[in-house]
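K.L.:
3D model of this:
(one chain, ligands or ions: 2)
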Amino acid sequence: MSVTRPLDPAAVPGPVASLLRGLQGAGHRAVLVGGCVRDLVRGVEVSDWDVGTSARPEAVQALFPKTVPTGLKHGTVTVLTNGEGAGAVEVTTFRVESGYSDARRPDHVEFTDDLQADLERRDFTVNAMAWDPIADREYDPFAGRADLAAGLLRAVGDPRIRFHEDGLRPMRAARFAATLEVAIVPETFEAMGEAREQVARVAAERIRDELTKMLRAREPSRGFEVLRRSGLLAVVLPELQATVAVPQNRYHAYDVYFHTLYTCDAAPKEKPEVRLAALFHDLGKPATRAEKPDGDATFYNHQFESARLAERAMTRLRYPGDVIERVSHLVRLHMFDYRPEWSDAAVRRFLRAAGPENVADLFDLRIADNVGNGTKVGFPHYLGELSDRIEQVLASAQAFTLRDLAVDGRDVMRELKAPAGPKIGAVLERLLEEVIEHPERNDRPYLLKRLREGYTIDTESPAD
Ligand code: ATP
Ligand code: MG
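P.N.:
Ligands and ions are numbered 1, 2, ... in the order given. Just a heads-up that it's a prediction; the model follows:
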């Protein structure tokens with residue numbers, strides 16, 4: 001159970017306080033509301049300051065010199081303060097909502113002067129508190145502070161109705177379970193599972209944003225477990241649901257699903273792409289599982305199937321292309337291996353395949369994977385050794401990328417009298433392979449001679 005804090009007006013940045021005074025001075029009601037009040041009560045840093053007011057959006061725009069009409073129909077105006085510690089503050093007119101016929105957005109939004117009515121439309125008791133730091137008055141009609149103190153998440157009103165109205169709310173519940181480290185009260189939890197259809201209708205990018213916030217929690221596993229136990233994991237990430245109860249082998253203490261969750265928890269919280277890679281790294285295990293005669297299991301080449309499923313899941317959830325590419329690359333390479341007898345050429349081949357910019361993330365993923373096994377911990381000795389070998393290769397300017405090659409695409413086109421196109425790249429790749437094996441051959445006259453003598457554009461391979 002956590003301690004809650006008394007609210008201290010000194011915690012409110014000057015520009016936010018003047019904004020509230022400006023609205024109140026013009027005869028409107030104005031309070032801090034939602035996530036910022038919740039975070040002040042928890043005693044954690046506030047990320048955005050949200051103001052609720054009885055002023056209509058036009059009145060807010062008229063009162064402040066710099067505003068952005070963020071969502072006028074829903075009553076939101078962003079006021080740009082130029083002071084320290086606040087920046088942009090969202091000012092939203094008190095409102096009531098009705099008629100969620102599509103389980104996504106309310107059909108009607110009506111403005112009101114009534115703070116209580118505005119708090120009633122909010123999702124959870126801990127998010128339905130307001131505070132006027134000027135008069136130092138706290139509004140907590142649903143006992144959100146008591147729920148925070150007891151570590152509980154509870155829907156405002158009837159959770160069935162609230163989740164039926166908006167299918168994003170069950171996802172928010174799972175996210176808050178992870179980020180606030182609270183338990184969901186039984187009635188609210190049961191209503192989550194009953195809202196499967198509503199959740200399935202929510203736009204993919206909104207689901208993705210909740211998953212992204214969940215992955216920033218200390219232990220994302222708390223959120224994923226809520227999703228699994230409520231039946232929603234099968235709706236939003238069926239690929240992860242498929243790993244539940246898939247047994248592993250003697251190197252592992254857990255099934256594939258729990259191993260995945262613990263790997264994700266162990267991945268660095270400040271590296272969202274490594275956490276995503278951790279979440280997806282073993283998705284291919286169910287499909288590649290084979291049993292040996294002694295009953296132990298193998299998962300040969302599961303990393304490729306994992307990368308394929310990771311791409312599928314991230315594409316469906318509308319992750320940006322560069323994230324999909326980086327994360328699936330990490331997943332595909334997560335089984336990398338190192339042995340002391342590796343030649344320098346083997347180290348260069350590893351660097352070529354991984355990309356030097358991904359090595360640190362791959363190491364983090366490996367360490368998390370080991371922690372997630374429940375059998376090993378700490379920084380493995382061989383990673384230190386591989387790291388030293390990589391340093392040596394990087395320091396000695398040995399070629400392992402196309403850019404390091406002493407010839408380029410123009411040279412290939414000229415020497416082979418061939419037009420630009422993918423075949424030029426393929427020829428460069430072959431030259432690079434040769435140079436990775438024999439670094440002394442990264443010599444311009446040699447490579448030009450090689451092009452003239454040994455390559456034909458049709459076979460894409462050296463003629464020797
Ligand atoms: P954070 O900003 O830390 O992600 P938050 O609680 O501030 O968390 P926002 O999405 O910024 O979340 O929303 C601000 C407030 O608006 C919430 O605290 C809640 O009161 C209300 N709210 C947001 N989304 C919903 C929703 N789908 N249904 C009902 N109320 C909501
Ligand atoms: Mg917020």
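K.L.:
What confidence value was assigned to E97?
P.N.:
Confidence per residue is given as pLDDT, and for E97 that number is 85.
K.L.:
For whichever residue of the stretch 51-200 of the chain sits closest to ligand 2, which three-state class applies?
P.N.:
In the stretch 51-200 of the chain, the residue found nearest to ligand 2 is E90; the distance is 8.1 Å by Cβ to the ion. Glycine gets a C-beta too; all of them are placed from N, C-alpha and C. E90 falls in the strand class when you classify it by DSSP: H, G, I helix; E, B strand; the rest coil.
K.L.:
And for it, the neighbour number?
P.N.:
Neighbouring residues of E90 were enumerated by other Cβ atoms under 10 Å; the total is 19.
K.L.:
Contact partners for it?
P.N.:
Contacts of E90 were listed using Cβ atoms under 8 Å, 6 or more residues apart in numbering, and they are D48, W49, D50, V51, T70, T76, V77, T78, V79.
K.L.:
Distance check, it against ligand 1.
P.N.:
For E90, the distance to ligand 1 under the criterion Cβ to the nearest ligand atom, to the nearest Å works out to 8 Å.
K.L.:
quick revisit: list just the nearest of the contacts of E90 to F94.
P.N.:
Lowest distance from F94 to the contacts of E90 (Cβ to Cβ) belongs to V51, with 10.7 Å.
K.L.:
Quick check: which helices or strands does the helix or strand that that closest one is a member of pack against?
P.N.:
Taking DSSP states H and E as the criterion, the element that holds V51 is strand 50-53. Helices and strands touching strand 50-53, as assessed by 3 or more Cβ pairs under 8 Å, 6 or more residues apart in numbering; DSSP states H and E, comprise helix 14-25, strand 30-33, strand 88-93.
K.L.:
List the beta-bridge partners for the residue of the stretch 51-200 of the chain closest to ligand 2.
P.N.:
E90 has these beta-bridge partners by DSSP bridges: D50, T78.
K.L.:
Now whichever residue of the stretch 201-350 of the chain sits closest to ligand 2: closest residue in space that isn't a chain neighbour?
P.N.:
Across the stretch 201-350 of the chain, no residue is closer to ligand 2 than K213, which sits at 10.2 Å (Cβ to the ion). Nearest residue to K213, sequence neighbours excluded (Cβ to Cβ, 6 or more residues apart in numbering): R175, at 5.1 Å.
K.L.:
What is the burial count for T315?
P.N.:
T315 is flanked by 13 other residues according to other Cβ under 10 Å.
K.L.:
Centre of the chain to the helix or strand harbouring it, how far?
P.N.:
When elements are assigned from DSSP H and E, T315 belongs to helix 302-316. Here helix 302-316 is found 16 Å from its chain centre; the criterion is Cα atoms, centre = their mean, to the nearest Å.
K.L.:
Only C-alpha atoms, please: export that helix in PDB.
P.N.:
Taking C-alpha atoms only, helix 302-316 is exported to PDB below (Å, rounded to 0.1, in the frame of the first residue of the first chain):
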ATOM      1  CA  HIS A 302      12.700 -19.800 -33.800                       C
ATOM      2  CA  GLN A 303      14.300 -16.300 -34.000                       C
ATOM      3  CA  PHE A 304      13.200 -16.100 -37.700                       C
ATOM      4  CA  GLU A 305       9.700 -17.100 -37.000                       C
ATOM      5  CA  SER A 306       9.700 -14.600 -34.000                       C
ATOM      6  CA  ALA A 307      10.900 -11.800 -36.300                       C
ATOM      7  CA  ARG A 308       8.100 -12.600 -38.800                       C
ATOM      8  CA  LEU A 309       5.400 -12.600 -36.100                       C
ATOM      9  CA  ALA A 310       6.800  -9.500 -34.500                       C
ATOM     10  CA  GLU A 311       6.600  -7.700 -37.900                       C
ATOM     11  CA  ARG A 312       3.100  -8.900 -38.300                       C
ATOM     12  CA  ALA A 313       2.000  -7.700 -34.800                       C
ATOM     13  CA  MET A 314       3.700  -4.300 -35.100                       C
ATOM     14  CA  THR A 315       2.300  -3.700 -38.600                       C
ATOM     15  CA  ARG A 316      -1.200  -4.500 -37.300                       C
END
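K.L.:
any idea which helix or strand comes after that helix?
P.N.:
Assignment by DSSP H and E places the next element after helix 302-316 at helix 321-333.
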